[in-house]
Each structure stands twice: as C-alpha cells, then as structure tokens.
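J.: What follows is a predicted structure for the sequence shown.
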Amino acid sequence: MFKNLFGKKEEVDKTLEIKSPMNGSYVPLEEIPDPVFAEKMMGEGFGIEPTDGEVAAPVAGVIMQVFPTNHAVGIKTDNGVEVLIHIGLETVAMEGRGFEGFVSEGDRVEVGDKLVVFDVDLVKEEANSTISPVIITNSDEMASFNIEPVTEAVKGETVVVNVTVK
C-alpha cells in the first residue's frame, strides 16, 4: 500500500569497479610497509606507488571526508561503498605541505575527477613512503572483493578491484 503512495525505491547496482586513483604501480595491500594497512585493520584494499602527483576519484560518489592536510580523502558511492584514498604513509606529519585539495565534503565526484595534487618529491623526502593505500573502510559490508591482475595503473581508467555489496 505505502509503496504506491511513496513511489518505488530506486534499485542501486550492488557491483562496483574501483579504478586506480593515480598513475603508477599496483602494490598488494599486504606489501604496504605499514601494519595498519597491511594487516587490513582499516579494511580491504590495495596500494599504488605513484609516478606523478595527481590523485583522481577512483569511484563516483559523494566526498565524505577531506583531511585538513589534504593527504587523505573519503568517498561514499551510491551503493554505500566507502573508499579512502590515503596519499603516502605517515604524510599527516607533513601538516599539508606539498598537498593541494580540489574537493570539499559534500561534493559529488565522478570517476577521474581531480581530488588532490601533491609534490611527489617532497613526500619522498619527508614521509615514510609514497605508496598510497586505497581502502574500503566498510569491507565487512562487501559480499565479494576481487583484485584484478594489474601491474601498472592509469588514474581513472585501470580497474583494480571489483566489489559486490551484500
């Protein structure tokens, strides 16, 4: 009865392709030199060793969080997948030096939209690593998580992971 009154709820696709947010080399999550990421404490994911300093949206969705230092951005997709892009390791200690953000919380982004530009050389000098984790922070809500056989990735183009939401 109420379905007719309020209209039919639009079905959301339960599958999602997560593309690389950067140009660079694929790094398995277990090989990221930081136990918080490598031991999947924050969730499933992968890493990218970037070849340049531009970060693009790996999925379409709404910006949930932009750290004040611009070293990390969280995006929530329409089907509820929460993706965190963390640029480098221990980059929060850089206090934003070398990072420029292009999005704000609440912005809608499409795959390939520019999120952040950063100085790769400065990150190499001041941080523990340039390897950048891409994490699904709500991995427990995924029915499947499949890494594609990728070695080199092109930002906004190369599919690295396919997920299905429960």
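T.: Right, received. Where do you want to start?
J.: mind listing the strands for this structure?
T.: Taking DSSP state E to define them, one finds strands in the chain at 15-19, 24-28, 44-50, 54-56, 61-66, 72-76, 82-86, 99-101, 108-109, 114-118, 132-136, 142-147, 152-153, 159-165.
J.: so which of those strands comes closest to residue 34?
T.: Nearest of the strands of the chain to residue 34, taken as C-beta to C-beta: strand 132-136 at 7.7 Å. C-beta: built from backbone N, CA, C; applies to glycine.
J.: strand partners of the closest one, parallel vs antiparallel please.
T.: Paired strands of strand 132-136, with direction, are strand 44-50 (antiparallel), strand 82-86 (antiparallel) (DSSP bridges).
J.: among the ones you listed, which is nearest residue 104?
T.: Comparing those by C-beta to C-beta, strand 82-86 comes nearest, at 15.2 Å.
J.: Restricting to C-alpha, output the closest one in PDB.
T.: This file holds the C-alpha atoms of strand 82-86, laid out as PDB (Å, rounded to 0.1, in the frame of the first residue of the first chain):
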ATOM      1  CA  GLU A  82      33.200   3.800   1.500                       C
ATOM      2  CA  VAL A  83      36.600   4.300  -0.200                       C
ATOM      3  CA  LEU A  84      39.500   6.000   1.500                       C
ATOM      4  CA  ILE A  85      42.500   7.300  -0.600                       C
ATOM      5  CA  HIS A  86      45.500   7.900   1.700                       C
END
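J.: got the contact list for the nearest residue to residue 19 once chain neighbours are set aside?
T.: With sequence-adjacent residues excluded and distances taken as C-beta to C-beta, 6 or more residues apart in numbering, residue 19 is closest to residue 58, at 4.7 Å. Going by C-beta atoms under 8 Å, 6 or more residues apart in numbering, residue 58 touches 18, 19, 20, 21, 75, 83, 85, 111, 134, 156, 160.
J.: quick one: which of those residues is nearest residue 40?
T.: residue 134 (12.8 Å).
J.: And that closest one, how far from residue 26?
T.: Per C-beta to C-beta, to the nearest Å, residue 134 is found 10 Å from residue 26.
J.: Of these two, which one has the most company?
T.: Neighbour count, other C-beta atoms under 10 Å: between residue 134 and residue 26, residue 134 has more, with 25 against 19.
J.: I'd assumed residue 83 was in contact with the more buried one.
T.: Yes. Using C-beta atoms under 8 Å, residue 134 is in contact with residue 83, at 6.6 Å.
J.: related to what we said a few turns ago, comparing the strands of the chain, which comes out most buried?
T.: Highest mean neighbour count among the strands of the chain (mean count of other C-beta atoms under 10 Å): strand 132-136, with a mean of 26.
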